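Participant: sharing a sequence plus its predicted fold:
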Amino acid sequence: MLKRHARAACTALAAAGLLLAGTGGATADPGPATPSASAALRTADAPPELLAAMQRDLGLTPTQARARLAHEAEAGATAARLQVRLGAAFAGAWVEGADAGSLTVATTRAADATAIRAAGARAAVVTRSLADLDAARAALDRAATAATPVRYADPRSNTLVVEEAEAGAAAGLLAATGTDPGLVTVVRTQQSPRPLYDLRGGDAYYMNGSGRCSVGFPVTRGTTQGFATAGHCGRAGTTTSGFNQVAQGSFQASVFPGNDMAWVATNAQWAATPFVKGSGGTNVQVTGSVLQPVGASVCRSGSTTGWHCGTIQQHNTSVTYPEGTISGVTRTTVCAEPGDSGGSYISGSQAQGVTSGGSGNCSSGGTTFFQPLNPILSAYGLTLKVSGSDPGPGPGEPEPGGTWKAGTVYATGATVTYGGASYRCLQGHQAQPGWQPPNVPALWHRL
């Protein structure tokens, strides 16, 4: 455990293959054009500080950095649509290339390859579905110890990866759970993930006047201001002071282990802003919370090491810390150090999650895990503070009827009605004004 004490140290791409070709004869008025995924997620508005950090940490040119954000947005939407279409045969998706220009979607049915290629992606036909691998991982989670600290389904190898800190630990875990060794790739690790102890995302705050962590994302709950952060930083009732040591607020709810989520309500002296602290202290805007795909770029802000970038390696990973197991976190190549815990992960302008733990450091490199933000927002009824939101219908333009509602956190597969039509959620996100289902085909599929 890395506990930190106060005294201790481009052009938007069209969603390829997903628009049906027109037929002959009279053509009906198509209505207003809907934005591409990259336009909906505003990747062209990425701040220079984020692009500069991507260039530094990912070895990109300015053109590649801008293109990568656009490609990642389109790839996420394409992969989400294909996941719906493939159903139980879906075996994962990932992007590759310096500019993330190549999307691969895996399936257990060879017959799906044509549809995948028609959507503009590469097809990989494998033997195990992502659901099968996740089910096997869940069985391992119940018996895992710190000797097998990390477990995740790897779509690239179509195996369940188990990291072991002691020789033979993975074999013992497989035997204890009756897991087929053929499903598993064992990776030896010398690193032990642990919580990274230590109202703008990435700023420092102090717990009970001593330990230090980092603000995740500013939020509101009704008229109350606050922020989302990591659960291991404090328990309900833990008091906090800000980066300037001024009294700030207190933890309202916290979960750790199991998950690593919490939120802090602040007093009237603190106001939530739609920003994450970027390189050199500049403000990086937050415009939404759409989780990006495996292989996508992601940048982290923390009060110890500042602003660093890397890529998303796996979603829905399970990690066993000395304090217990947490599930549903995302594994990344971003570095972090003590005191960065709870801080912000952002991809383009989309909030991803809060720092949970990891291994290594920002001198030699490392692996970190973040608790996705959307489950925190949903669990505690929080609204992410965002900038640039469409105000919605103007005077005299009432919102069409339906079950869709701004502020609701929608998981992949959720269904809503809006304006007399039904829609299925393609990518998990918190709905906001301007993101009504007809306006964002990257997020909603009309049924």
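Facilitator: Sure thing, it's come through.
Participant: tally of neighbours for the spatially closest residue to Gly178 that is not a sequence neighbour?
Facilitator: With C-beta to C-beta, 6 or more residues apart in numbering as the criterion, Gly178 has its nearest non-adjacent residue at 8.0 Å, and that residue is Ala139. C-beta: built from backbone N, CA, C; applies to glycine. Using other C-beta atoms under 10 Å, Ala139 has 17 other residues around it.
Participant: can you give me the helices for the stretch 101-250 of the chain?
Facilitator: 113-118, 130-141, 169-177 (DSSP state H, counting those that start in this stretch).
Participant: of those, which approaches Ser250 most closely?
Facilitator: With C-beta to C-beta as the criterion, Ser250 lies closest to helix 130-141 of the helices of the stretch 101-250 of the chain, at 31.3 Å.
Participant: can I get that closest one in PDB? Just the C-alpha atoms.
Facilitator: Written as PDB, here are the backbone C-alpha positions of helix 130-141 (Å, rounded to 0.1, in the frame of the first residue of the first chain):
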ATOM      1  CA  LEU A 130     -15.700 -12.300 -23.500                       C
ATOM      2  CA  ALA A 131     -18.600 -13.400 -21.300                       C
ATOM      3  CA  ASP A 132     -17.100 -16.800 -20.900                       C
ATOM      4  CA  LEU A 133     -13.700 -15.300 -19.900                       C
ATOM      5  CA  ASP A 134     -15.300 -12.900 -17.500                       C
ATOM      6  CA  ALA A 135     -17.200 -15.700 -15.800                       C
ATOM      7  CA  ALA A 136     -14.000 -17.600 -15.300                       C
ATOM      8  CA  ARG A 137     -12.400 -14.500 -13.900                       C
ATOM      9  CA  ALA A 138     -15.200 -14.000 -11.400                       C
ATOM     10  CA  ALA A 139     -14.700 -17.600 -10.100                       C
ATOM     11  CA  LEU A 140     -11.000 -16.800  -9.600                       C
ATOM     12  CA  ASP A 141     -11.800 -13.600  -7.800                       C
END
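Participant: check which residues of it are buried.
Facilitator: Residues 130, 132-134, 136-137, 139-141 are the ones in helix 130-141 that count as buried (16 or more other C-beta atoms under 10 Å).
Participant: return the member of these nearest to Thr412.
Facilitator: Proximity to Thr412 was ranked across the buried residues of helix 130-141 by C-beta to C-beta; first place goes to Leu130, at 12.2 Å.
Participant: neighbours around the closest residue to the closest one other than its chain neighbours, how many?
Facilitator: Nearest residue to Leu130, sequence neighbours excluded (C-beta to C-beta, 6+ apart): Gly92, at 4.7 Å. Other residues near Gly92 number 26, with proximity taken as other C-beta under 10 Å.
Participant: check which helix or strand covers Gly92.
Facilitator: Gly92 belongs to strand 90-96 when elements are defined using DSSP states H and E.
Participant: go ahead and confirm Cys299 touches Ser349.
Facilitator: No - with contact defined as C-beta atoms under 8 Å, Cys299 and Ser349 do not form a contacting pair (10.9 Å).
Participant: for the helix or strand of the chain with the lowest mean pLDDT, packing partners?
Facilitator: Ranked by mean pLDDT, DSSP states H and E, the weakest helix or strand in the chain is strand 194-195, scoring a mean of 78. For strand 194-195, the packing partners by 3 or more C-beta pairs under 8 Å, 6 or more residues apart in numbering; DSSP states H and E come out as strand 350-361.
Participant: so what strands line up beside the helix or strand that the strand it packs on is followed by?
Facilitator: Per DSSP H and E, the first helix or strand lying C-terminal to strand 350-361 is strand 365-372. Strand pairing for strand 365-372, determined by DSSP bridges: strand 324-332 (antiparallel), strand 350-361 (antiparallel).
Participant: just the mean pLDDT for strand 365-372, thanks.
Facilitator: Throughout strand 365-372, pLDDT has a mean value of 95.
Participant: can you list the buried residues in that strand?
Facilitator: Using 16+ other C-beta under 10 Å as the test for burial, strand 365-372 gives 366-372.
Participant: repeat for stretch 181-195
Facilitator: So stretch 181-195, judged by 16+ other C-beta under 10 Å, has buried residues 183-184, 186, 192-195.
Participant: where does pLDDT dip in the protein?
Facilitator: Applying pLDDT under 70 to the chain flags the ranges 1-34, 196-198, 388-399.
Participant: if you set the cut-off to 80 instead, what comes out?
Facilitator: 1-35, 195-198, 209, 388-400 (pLDDT under 80).
Participant: give me the most central residue, it.
Facilitator: With distances taken as C-alpha atoms, centre = their mean, the chain has Gln352 as the residue nearest its mean C-alpha position (3.4 Å).
Participant: surely that residue and Gly288 touch.
Facilitator: No - between Gln352 and Gly288 there is no contact under C-beta under 8 Å: 10.5 Å.
Participant: just to revisit the earlier point, wait, which of the helices of the stretch 101-250 of the chain is closest to Ala253?
Facilitator: Between the helices of the stretch 101-250 of the chain, helix 130-141 lies closest to Ala253; by C-beta to C-beta that is 23.0 Å.
Participant: name the helices or strands packed onto the closest one?
Facilitator: Other helices and strands packing on helix 130-141, by 3+ C-beta pairs under 8 Å, 6+ apart, are strand 90-96, strand 150-154, strand 159-164, helix 169-177, strand 306-321, strand 324-332.
Participant: so the second one versus helix 130-141, what angle?
Facilitator: Relative orientation of strand 150-154 with respect to helix 130-141: 170 degrees, computed using axes from the mean of the first three to the mean of the last three C-alpha atoms, to 10 degrees.
Participant: can I get strand 150-154 in PDB, CA atoms only?
Facilitator: Extracted in PDB, the C-alpha atoms of strand 150-154 (Å, rounded to 0.1, in the frame of the first residue of the first chain):
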ATOM      1  CA  VAL A 150      -4.300  -9.100 -11.000                       C
ATOM      2  CA  ARG A 151      -6.700 -11.000 -13.200                       C
ATOM      3  CA  TYR A 152      -8.400  -9.900 -16.500                       C
ATOM      4  CA  ALA A 153      -9.800 -11.200 -19.700                       C
ATOM      5  CA  ASP A 154      -7.400 -10.300 -22.600                       C
END
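Participant: OK, contacts around the closest residue to Ser157 other than its chain neighbours?
Facilitator: Once flanking residues are discounted, Ser157 sits nearest to Thr185: 6.0 Å by C-beta to C-beta, 6+ apart. When contacts are counted by C-beta atoms under 8 Å, 6 or more residues apart in numbering, Thr185 touches 154, 157, 159-162.
Participant: which stretches of the stretch 151-300 of the chain form strands?
Facilitator: Counting by DSSP state E, counting those that start in this stretch, one finds strands in the stretch 151-300 of the chain at the ranges 159-164, 184-188, 194-195, 204-207, 211-214, 217-221, 224-229, 239-242, 247-255, 261-266, 275-277, 283-285, 297-302.
Participant: tell me the helices and strands packed up against the longest helix anywhere in the chain.
Facilitator: Ordering each helix of the chain by length in residues (DSSP state H) puts helix 62-86 first. Counting contacts by 3+ C-beta pairs under 8 Å, 6+ apart, helix 62-86 packs against helix 37-40, helix 48-58, strand 90-96, strand 102-107, helix 113-118, strand 297-302.
Participant: nice, that's everything, thank you.
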